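[1] one predicted model, sequence on top.
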Amino acid sequence: MRLANRVALVTGASRGIGRAIAIACAREGADVAVIGRDRRALEETARLVAETGRRTVPIVQDVSDVAGTRRVVERVASDLGRLDLLVNNAGLYQVRPILEIDEDDWDLLMATNLRGAFFCAQAAARVMTRQGFGTIVNVASDATWTGGMNPCAHYCASKAGMASFTRSFAKELARFGIRVNAVAPGMIATDMGEDAAKVMADLQIPLGRLGTPEDVADVVVFLASDAARYMTGTILNLTAGLVLDR
Ligand SMILES: NC(=O)c1ccc[n+]([C@@H]2O[C@H](COP(=O)([O-])OP(=O)(O)OC[C@H]3O[C@@H](n4cnc5c(N)ncnc54)[C@H](O)[C@@H]3O)[C@@H](O)[C@H]2O)c1
């Protein structure tokens, strides 16, 4: 098992990609704390994680509340004994033409996708520097490079910010034994992805299908595992050939 006896924290784990990542980490031997906003959905994720035999803690927390998220990260490290892996997955998407994006739209997406993710990573890094070990995987997006398949300039900016801080964290934290990487998925069949896919039904994906949450989860597990021990600061293109140049 590639994550045997590690402790992981996955944000936005009540459904979609986050739920698949939580289950995949548990199947690889990790105890997994799951954060989300919807208690019932989160408890279903926790039930699926527990079925693997690993420990799990479901915690209702909005990651845009930085102080609350800091407390949750410290609590997970204390309750589960340590924190080896943070998967910064919580995210919001919005299709909005540039001329219609207002300050509230901008603030909403930035608060979750960039500010929330940044400070969650910072809180995890505080625990991991004390341990001298840890890894962070950020779930960015191919929007970092494409400018968005649909009109969503604020979403693209938030994910490009995440890709950027992935590199900064990787450089600054390497000396503490902490690796920081990101995945940049293309079109994944989730509630969020299907909304996007509807608008672009004629899209040609070279590998011929939308991705599944498990397609993303498998790559996250790889990045979190010792098989990726020489990788940090990498943004992995996970688009089935949709994006080649970057
Ligand atoms: N689906 C795709 O095609 C696609 C492509 C590229 C990147 N992504 C990224 O993957 C991640 C997961 O997306 P998904 O497709 O599973 O979407 P989803 O909408 O199905 O799931 C997103 C999850 O994040 C949670 N969340 C949102 N805001 C939150 C907040 N403020 N605090 C805590 N939790 C919050 C939601 O409740 C939900 O559980 C997102 O970061 C998204 O930007 C998705």
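    That came through, no problem. Keep in mind that this is a model prediction, so the values were computed, not measured.

[2] now do the helices in this protein.
    16-27, 39-50, 66-80, 103-109, 117-131, 143-146, 153-173, 191-199, 213-224 (DSSP state H).

[3] low-confidence ranges, this protein, go.
    Within the chain, the segments meeting pLDDT under 70 span 194-203, 246.

[4] one step back: pick the most buried one from the helices of the chain.
    Ranked by mean neighbour count, the helices of the chain are led by helix 16-27 with a mean of 27 (mean count of other C-beta atoms under 10 Å). The way it works is simple: take the backbone N, C-alpha and C, and place the C-beta from them, glycine included.

[5] what separates that one from the chain centre, distance-wise?
    The chain centre lies 11 Å from the centre of helix 16-27; the measure is C-alpha atoms, centre = their mean, to the nearest Å.

[6] and that helix, what does it pack against?
    Judged by 3 or more C-beta pairs under 8 Å, 6 or more residues apart in numbering; DSSP states H and E, the packing partners of helix 16-27 are strand 7-11, strand 31-36, helix 39-50, strand 85-88, helix 191-199, helix 213-224.

[7] relative to strand 7-11, how tilted is that helix?
    170 degrees (axes from the mean of the first three to the mean of the last three C-alpha atoms, to 10 degrees).

[8] what angle sits between helix 16-27 and helix 213-224?
    Using the same axes, to 10 degrees: helix 16-27 against helix 213-224 is 50 degrees.

[9] report whether helix 16-27 contacts the ligand.
    Yes: shown here: helix 16-27 in contact with the ligand (C-beta under 6 Å from any ligand atom) through 16, 17, 18.

[10] isn't the last one right up against residue 89?
    This means residue 18. Yes: the pair residue 18 and residue 89 qualifies as a contact (C-beta atoms under 8 Å) at a distance of 4.2 Å.
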